[in-house]
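A.B. asks: for reference, the sequence and a predicted model appear below.
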Amino acid sequence: MLKLGLIGHPVGHSMSPWIHHQLMEQQGLTGSYELFDISPEQFDTKIEQLKSEGLDGFNVTVPHKERIIPHLDRLDESAKALGAVNTVKCTPEGWVGYNTDGTGFVDSLRNRFPEALQEQSSVLLLGSGGAARGIYFALLQTGVKRVDIANRTIARAEAIIDSGGGRVASSSLDLDQAEAELGHYDVVIQTTTVGMSPNSDEHIVSADRITKGTVVSDIVYRPMKTKFLEEAEKQGAALHFGHEMLLQQAVYAFKIWTRTNPDALAILDRFESKLKGV
Ligand code: ATR
């Protein structure tokens, strides 16, 4: 019996229990995936209590991705580089922290568009929060030509670029510049919460300058097709959706916990129906 879970605050709307139960079924495993709503005030006490729960592993979400680190015994390379953890594996030797945010994103993009990230590709990230940082570091490993970052607060974009240590050509832009330059990129990735339900009439920038054939991705998955993606579609863009990333990140965590090799695409249709029904 697998014992899995999620810690965060709030966690009530999480799709993770549904996804992980599907993955368990696919792999012929049984078990539970429990939601632990832990407020920041109770964090240190509750985490220590969690150590006696006998969990095999758990996910970590907002606002605990950084605060969990002092409670862990070891970090993998991605968690070290990002200073944030979204997956913990509980082993007899202790708790090990991973960060699957960026790699989950890149893999889901490649699942849909195998040609999107090439040596000559230019990528634009919109936003500079935790999600942008994870995706930036995963993109560094792909060998693309350029990854620029646009943000409302330009200093945050510069900070991410600086921490990349020059491993890829990168410039920072403000959002007006980004809006004007959208047509110059092969891949554009919206990494902020702008456009998320109930504010689904908002977009971070207008996608009117996107050119035909550009791959445009939005990490927001409620609604599935954000206003930004809708506008990009009208310009002839190829769309990549936030729920695809979410599913791939969950699959990554599940692989870490169980050493199985689940198939994300096999449950994608059911996941889409589930999201539309929620
Ligand atoms: P997280 O770490 O969870 O990704 P975050 O650190 O709050 O979240 O980052 C959110 C991102 O969304 C940031 O890039 C933020 O821009 P700032 O760095 O300028 O704050 C961006 N963001 C949030 N609301 C926005 C808005 N209304 N317009 C433009 N950008 C916005």
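C.D. replies: Nice, thanks for sending it over.
A.B. asks: how close does the residue of the stretch 101-250 of the chain found nearest the ligand sit to R209?
C.D. replies: Per Cβ to the nearest ligand atom, G129 is where the stretch 101-250 of the chain lies closest to the ligand, at 2.3 Å. Heads up, the C-betas are built off the backbone N, CA and C, glycines and all. Going from G129 to R209 by Cβ to Cβ, to the nearest Å gives 23 Å.
A.B. asks: between these two, which has more neighbouring residues?
C.D. replies: R209 (17 against 14; other Cβ atoms under 10 Å).
A.B. asks: what sits against the more buried one?
C.D. replies: E179, A180, E181, L182, G183, Q235 (Cβ atoms under 8 Å, 6 or more residues apart in numbering).
A.B. asks: go on, G102?
C.D. replies: With contact taken as Cβ under 8 Å, 6+ apart, G102 is in contact with S78, L82, R133, G134, I135, Y136, F137, A138, L139.
A.B. asks: surely the last one touches V168?
C.D. replies: Yes - at 7.1 Å, L139 and V168 qualify as touching, with contact defined as Cβ atoms under 8 Å.
A.B. asks: which entries within the contacts of R209 meet the buried criterion?
C.D. replies: E179, E181, L182, Q235 (16 or more other Cβ atoms under 10 Å).
A.B. asks: farthest pair within those?
C.D. replies: E181 and Q235 (14.2 Å; Cβ to Cβ).
A.B. asks: residues near L23, how many?
C.D. replies: Neighbours of L23 (other Cβ under 10 Å): 27.
A.B. asks: what's the helix or strand for it?
C.D. replies: In this assignment (DSSP states H and E), L23 forms part of helix 16-26.
A.B. asks: can you list the strands that the next helix-or-strand element following that helix pairs with?
C.D. replies: Later in the chain than helix 16-26, the nearest helix or strand by DSSP H and E is strand 31-37. The strands that strand 31-37 pairs with in its sheet are strand 2-8 (parallel) (by DSSP bridges).
A.B. asks: send the alpha carbons of the partner strand over as CSV?
C.D. replies: The C-alpha coordinates for strand 2-8 follow below in CSV (Å, rounded to 0.1, in the frame of the first residue of the first chain):
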residue,chain,number,x,y,z
LEU,A,2,1.5,3.3,-1.1
LYS,A,3,1.1,6.2,1.2
LEU,A,4,1.4,9.6,-0.7
GLY,A,5,0.2,13.1,-0.1
LEU,A,6,0.4,16.8,-0.7
ILE,A,7,1.3,19.6,1.7
GLY,A,8,0.3,23.2,1.0
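A.B. asks: now do it and helix 16-26, the angle between them.
C.D. replies: 160 degrees (axes from the mean of the first three to the mean of the last three Cα atoms, to 10 degrees).
A.B. asks: any buried residues in strand 2-8, and which?
C.D. replies: So for strand 2-8, counting by 16+ other Cβ under 10 Å, buried means L2, K3, L4, G5, L6, I7, G8.
A.B. asks: pLDDT and distance to the ligand for these - can I get that in CSV?
C.D. replies: Shown next, in CSV, are the buried residues of strand 2-8 (pLDDT from 0 to 100; distance: Cβ to the nearest ligand atom, whole Å):
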residue, pLDDT, distance to the ligand
L2, 97, 28
K3, 98, 27
L4, 98, 23
G5, 98, 20
L6, 98, 16
I7, 97, 16
G8, 97, 11
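A.B. asks: and those residues as TSV, adding distance to K65?
C.D. replies: Shown next, in TSV, are the buried residues of strand 2-8 (distance: Cβ to Cβ, whole Å):
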residue	distance to K65
L2	23
K3	21
L4	17
G5	15
L6	12
I7	10
G8	9
